[in-house]
Structure formats: structure tokens, C-alpha cells
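**Student:** sharing a model that was predicted from the sequence below.
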Amino acid sequence: MIEVQNLTKTFGPIRAVDNLSLKVPRGRTVGFLGPNGAGKTTTIKILTNLISATSGKAMLNEVDVLTHPKKALAHVGAVVETPEFYPYLNPVETLAYLGRIRGMHSKEIKERSNQVLQEVKLEEWRSTRIGKFSKGMKQRLAIAQALLHEPDVLILDEPTTGLDPRGMVEVREIIRGLKKKNYTIFMSSHLLGEVQEICDSAALIDKGKLLVYDTIDNLKGLTKIDKIEVTAASDFSDFMVGKVRELNGVRAVDVVNGRTFVITYEGPFEDRADLLLAIQGLGAKVTGFSPVGLPLEMMYMDLVKESR
Amino acid sequence: MAMADGMKTEHKTPSDITQIPIVWRYELLKYLRSRRLLASVGIAFLVLALIYVLPPALGQPYSGTDRDEPIGLMSTDQILPSGWVGPHPLSAGILYRSQIDLSTFQIRVNGSEYPSDNGANWTISRITYQGQGVYVVLFMQNLTDKVVTATYEWYTSPQSFATAFLSFAGILVVICATFFGADALVSEFQNRTGYLIFPNPMKREVLFLGKFSASMTAGGIVIGLFYAGVGIMSLFQARGIDADFAASLAFAAEYLLAAMAVAYVISAVLKGTTGATVLTFFLFLMIFNIIDGIALLTGVKLTASLLFSAGVITYILIDPYPTDWSQTFPGGFNINNFYPDPATAALVMVLWTVIAIAVSLLLFRRKQLVG
């Protein structure tokens, strides 16, 4: 379980984290969202003993990492930013080093190293010095070291950063697998689709303050704005587009091409049917009427805009 | 992956004491694989080779044979101390060699062999004359009007031999502090390896001590090999090892400890590895030297200076231990020569070590991985 209570971190006059409180229950996967400079990484750095807090508590499995970091981090695996590795070691040696620090025995280190290196597709590079690794390979190894000791809690700071599309999919698969095994996972990400796809809940912060923290389903429902792509069998006339702009709940119409435009619509979900009927009533032979963009993205833009 | 909930292996985090050797082992591997240790050992052997090879190549060998070396004789009144007891010689000569193999010593007078006859004709003794070991040949007859020559094998004394080499021990210590200490802490921040190591269940103090012990091990290997090299060469070339050789090694180890601790302070303060490395090197070779030089010029004995105290590494070899002296020249110009007291020097180096370790540890604990 992860819990931060009234956590505050200031850098001179800047409050990077401002009285933040949130709780990640055991076995849950929670996404941590926010724009650049919102305080996500600062919060994660405090949780992983990389920086101190100005005030508040940061609990990992009910132990405050600020006062008892060794005990608090005993069952935690973390990937913060893209860490650098000691270039003179290879992956097997790196995992052995970290495993020994954590009290793992040689036999167990060997077995687990094989498993996690296979999981992150680095088994062929097991004996190559890390100094020669690409950023993506280092990110995979970072995930491997976080999983090595089978932690209860995983703290991941943008875990797919630096990976190619295939690597991103693979890492998401790994996290999904861990989620099924009841790990407590707290992950920050810029990729809202990733959070929507993987996480049970998400916390959104901006300027160090928590804006909202709820389940993904509830967060989707928070947004009042939809974007709907409308496609017709023949070209829309300018007159018809003008009429659509005047319809109830329509905030904007962006023409994509002669037969397609995107409506920014604000209104109850069930009123979309009336919108479709109204467009058809204008004489358009509608062949496509579907929402575009992720609900979480809409919510994110909506809330961040409000907070600023 | 076999990580289902409830099937995980529980690990007991090792104690602080048992984590230190783990860090030590992998830090030492860094010095081995980055070839810093190899380079430092190479420098140590290069210094040994240069001091061993260059003086003979430039006409100053460490041993040799003097054949028919003329002995300038003088009246014994000029050299015998007052109250001299024993047989009263009538003439004497001095041979400026630190060690002579007496079993090979032969005297010729006007080209003819002149045996000692168990001291009836002459005796030879080693004395300290004007601060250095010399040999005095005492003749029972007045031979000042004769051509007296000597043939003998000579070699450098263990003290002179060791002093020539160990005067470079201090520089080697600085090289070790620079190579193994200057970037030890700052690299975790600048190279971002802190993101990997800090989120582990290990106190910063443990990481610090593991690193420091690895730095000291690497430095100790270099200094140890250097002293071993000097010792072995001294055995062969000077036919023995100076009695204070071990004391010099102990002082060198103490200086290494203090210099490494100072390097760790710089590593904890600065933000870049290059700056830390350059500053460490120049602090010892330039800044501390300037401070000591100014103190000497102004006639102040800077007992608290680390560099001044480190002078004991070579001074301890000199018998008797040198004492401070000053000389005033016409016009009021002074020349001062100060020597650290061995016990005080040992204490000063311990104090530098303790304070520097405390400061660097405190700074390392507080340093944050921002940016």
C-alpha cells in the first residue's frame, strides 16, 4: 500500500508538491497524471528516497520512507525516469549487485535474473556491458531490476519512455501481468491511453495539488465534452455546416474534408441521438457518427484547463 | 514469471554492516574494469623505474667499485673529537660513500698494498659528518706526505635509497585520491546512477562507507605495491631495508586516508566529475603547496597543514630525525626549514580524516537527486 499524507515539497519559492494526499490500496494499479511540472516526478522521487520532503508523510507498506527509508523500500521496486547503470557491469552483474543488497541468495538471484531478463527480452544481452546499451534497452533493464526481488509495491515513473512502439506494448503487457498477480502499482505517465488501458484508477495533479482521484470509469464520466466525427455519403455544403454549428450543445465544428467534420459537443451522453437526428434532418446522408479521442484525454484537458 | 501473489520469496534486508562489503566489492570492480587501478599501478611502477634507472644513466649509480680512489689525508686534530679515547691515530681521511663493503676494502700507499694488520696500521669507521654518513680511515702513522688510495665496493645505504624513492609517495597518494575518490560520490548524481541505487533498502551511509573502503583498497594496493617495489629493490641494491621503512608506510597509509577523505568532501560538494577531479588534484599539488610555501617564507610553522604533516613520510627515514632551523642573512632575509613532529603529524592527519569524512558524509546524506 502507498499513502502520502499532506506531502509538500518546495524548491525555494516554488511549491512542487502542495499538501498532496492520496492512497493506493493494496493490489490496485493507479495512474498518476499531470502536465509537465505538475509534481508527479517530485512525488515519486520522494517516495523512492531520491529527495526529501518539506513536510508531510510518504508511506510505503505503512512505513514512512522519509524517516525509515531502508525499511520502507524493502519490498518496493522502482523505475524513476530512465536510470543510468554502471557501465562496467553487465545485466547479470547489475542484478546480482542489487539482489545482494536486498538480501537475495545467489541461487535465487540467478533464477530470478534469468526470468526477468527473459521477460524484458534482454536475455541475449545478459553478458554485455551496459555501457553499450541503447536508452530503450536500459529502460527494459530498469524494469527488470524493479521486478527482480518480487516486490509488493511497484513505483514506475513513465515506464514506457524511450521504448519503441513494440517495446511499449511489451512493457504494458508486463504491467498487466503484474496487475493480475495483485501487485500494488503506482505509475506516472504522459500517455493517457496507456493509463486508461492499464490502470484501475487515476490521480490527476497540477501545480502540485491533487485535482481528482477516482476509478477510470468514474473519471471518464466526469468529462462534459465529447468530440464526434461525422461522415456523410456526399459532400457537406457550407450552409449545412453552418446549421450544424447552431445546433443545441454544439461548441465547434472542424471540417476535416468535404464529407467529414468533427463536432465538439457538450451535453448529456443520451442527447447524442438527438444530435444525429438533427444532422440527418438537415438533409445529410450520415454514414458514420462516432466519438473520437479518449474519454480520459477529454477529462484531462478539461480539468487541467480549469485548474489553470 | 513465477511471481503469483502468495508465492513470493520473502527477503530479509541485510544489516548495514553486511551491505558495506557488497558495495565495496562492486565499487572495486569499477576501478578494476575502468583500468584506473591498472593506470595507477602503472604510474607507481613508472616512478620506481625512473628513479631506479635515471640516476645511473646520468652518472650517479646506486652502487659500484671505487678503484684506487685517492684519500686526501689530514691531521687528526682536525677531525677527532675532543676527549677521543683509544689508539691515537696520526692522520686520517674521509670517504664520502654512504655504505662501503668493508670486506673488499684495500689501502695502497705510494702504490704498495698497506694492510690493516688488525688495526695496527689503520682502521675504518662509519660516522655521521655534517648530517650524512661517511667513512673515516684512521692511520696510526702520519701519511700526509704519501699518496694514499683505496679500493672498495660501495652501495647506497637503505636510508638514502628509500628516501630517494619515498619522496614520491606523497604524489602517488594524491594521484590515488584523485583517481579513486574525487568522483566517487558526484558520479552518482551527474551520471544518474543514483536513480538506480538510491531507491534500494540501503542507507546512504552504507553506500558511502562501501565506496570509501573500495577507494581506500584501490589506493592501498597502489601504495602497497610501490612500497613493496622500493623494499625489494632496497634489499638487492642497498643490501637491506631502512629500520623506519614500516613507519614510513604507516604514515603514507594515514596520508592516503586523509587525502581520500578530502577528495570525498570535494566529491560531495561539486556537481560535476571533471571539476571534482581537477580540483582534488590541484588542491594538493598547488593550493596546499602555496599555503605551505607562504607559511615557510613568513616563518610560521603550519603544524595543522595536511601537506606539511605528510612530509613525515620521508623525514621519518632520516637518522637522526631532522630539527627545525632558521638562518638570517645580511639584510634581514630569513630562510626557515620546519619539520613536522611525527606524533603531531599523525594526530593532524587523523583529525583531517575524521573531519573530512564527517563533512562529506553529511553532505552526501543531504544531497538530493533533482533535475
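**Tutor:** Sure thing, it's come through.

**Student:** only C-alpha atoms for contact and neighbour calcs from this point on.
**Tutor:** Noted.

**Student:** which parts of chain B are strands?
**Tutor:** In chain B, the strands defined using DSSP state E lie at B:63-70, B:73-75, B:91-95, B:99-109, B:112-113, B:122-129, B:132-139, B:148-155, B:325-329, B:333-337.

**Student:** so which bits of stretch B:344-355 are buried?
**Tutor:** Residues of stretch B:344-355 classed as buried under the neighbour-count rule (16 or more other CA atoms under 10 Å in any protein chain shown) are B:345-346, B:348-350, B:352-353.

**Student:** those in helices, which ones?
**Tutor:** B:345-346, B:348-350, B:352-353 (DSSP state H).

**Student:** quick one: which of the residues you listed is nearest to chain A?
**Tutor:** Lowest distance from chain A to these (CA to the nearest CA) belongs to B:Thr353, with 27.4 Å.

**Student:** coming back round to it: out of the buried residues of stretch B:344-355, which one sits closest to A:Val30?
**Tutor:** Nearest to A:Val30 among these: B:Thr353, at 48.0 Å, using CA to CA.

**Student:** the closest one reaches B:Ala263, doesn't it?
**Tutor:** No: between B:Thr353 and B:Ala263 there is no contact, the gap being 10.5 Å when judged by CA atoms under 8 Å.

**Student:** the closest residue to chain A within chain B: how many residues sit nearby?
**Tutor:** Across chain B, no residue is closer to chain A than B:Pro201, which sits at 4.1 Å (CA to the nearest CA). B:Pro201 has 26 neighbours, counted by other CA atoms under 10 Å in any protein chain shown.

**Student:** report pLDDT for it.
**Tutor:** Note on B:Pro201: pLDDT of 96.

**Student:** for B:Thr9, same thing?
**Tutor:** For B:Thr9, the model assigns a pLDDT of 69.

**Student:** and the residue nearest to B:Gln19 when sequence neighbours are not counted, what does it touch?
**Tutor:** Once flanking residues are discounted, B:Gln19 sits nearest to A:Ile101: 6.0 Å by CA to CA, 6 or more residues apart in numbering or on different chains. Taking CA atoms under 8 Å, 6 or more residues apart in numbering or on different chains as the criterion, A:Ile101 is in contact with B:13-14, B:19, B:22, B:200-202.

**Student:** tell me the residues of the stretch 101-250 of chain A that contact chain B?
**Tutor:** A:101-104, A:115-116, A:119, A:142, A:149-150, A:181-183 (CA under 8 Å from any CA of the partner chain).

**Student:** I'd like those residues as TSV, with secondary structure and pLDDT appended.
**Tutor:** As requested, those are arranged in TSV below (DSSP: H, G, I helix; E, B strand; the rest coil; pLDDT from 0 to 100):
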residue	secondary structure	pLDDT
A:Ile101	helix	96
A:Arg102	coil	96
A:Gly103	coil	95
A:Met104	coil	96
A:Gln115	helix	94
A:Val116	helix	94
A:Glu119	helix	89
A:Ala142	helix	94
A:His149	coil	94
A:Glu150	coil	92
A:Lys181	coil	85
A:Asn182	coil	85
A:Tyr183	coil	90
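
**Student:** which among the residues you listed count as buried?
**Tutor:** A:101-104, A:115-116, A:119, A:142, A:149-150, A:182-183.

**Student:** for the residue nearest to A:Gly162 when sequence neighbours are not counted, give its distance to B:Trp352.
**Tutor:** The spatial neighbour of A:Gly162 that comes closest, neighbours along the chain excluded (CA to CA, 6+ apart), is A:Gly136 at 5.1 Å. A:Gly136 sits 45 Å away from B:Trp352, going by CA to CA, to the nearest Å.

**Student:** equivalent analysis for A:Asp157, please.
**Tutor:** Counting by CA to CA - A:Asp157 and B:Trp352 are separated by 42 Å.

**Student:** pretty sure the residue nearest to A:Gly162 sits against A:Asp164.
**Tutor:** Yes: A:Gly136 is within contact range of A:Asp164, at 7.2 Å (criterion: CA under 8 Å).

**Student:** residues shared between the contacts of the two?
**Tutor:** Joint contacts of A:Gly136 and A:Asp164 (CA under 8 Å, 6+ apart) do not exist.

**Student:** need the next SSE after whichever strand or helix holds the residue nearest to A:Gly162, C-terminal direction.
**Tutor:** Using DSSP states H and E, A:Gly136 sits within helix A:135-147. Sequence order places strand A:153-157 as the next helix or strand after helix A:135-147, per DSSP H and E.

**Student:** got the CA coordinates for that following strand in CSV?
**Tutor:** In CSV, the C-alpha atoms belonging to strand A:153-157 read as follows (Å, rounded to 0.1, in the frame of the first residue of the first chain):
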residue,chain,number,x,y,z
VAL,A,153,4.8,-2.4,-4.5
LEU,A,154,6.0,-1.1,-7.9
ILE,A,155,6.6,2.6,-8.5
LEU,A,156,7.0,3.4,-12.1
ASP,A,157,7.8,6.8,-13.5
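
**Student:** contacts for whichever helix or strand comes after that strand?
**Tutor:** Once strand A:153-157 ends, the next helix or strand along the chain (criterion: DSSP H and E) is helix A:165-180. Residues outside helix A:165-180 that contact it (CA under 8 Å, 6+ apart): A:27-29, A:119-120, A:136, A:140, A:159-160, A:185, A:194, A:198.

**Student:** tilt between helix A:165-180 and strand A:153-157?
**Tutor:** Here helix A:165-180 points in a direction 150 degrees away from that of strand A:153-157 (axes from the mean of the first three to the mean of the last three CA atoms, to 10 degrees).

**Student:** in the buried ones among the residues of the stretch 101-250 of chain A next to chain B, find the pair that's most separated.
**Tutor:** Across those, the longest distance by CA to CA is 24.9 Å; it joins A:Ile101 and A:Asn182.

**Student:** assign the residue in chain A positioned nearest to chain B to helix, strand or coil.
**Tutor:** Per CA to the nearest CA, A:Lys70 is where chain A lies closest to chain B, at 4.1 Å. With DSSP: H, G, I helix; E, B strand; the rest coil as the basis, A:Lys70 sits in helix.
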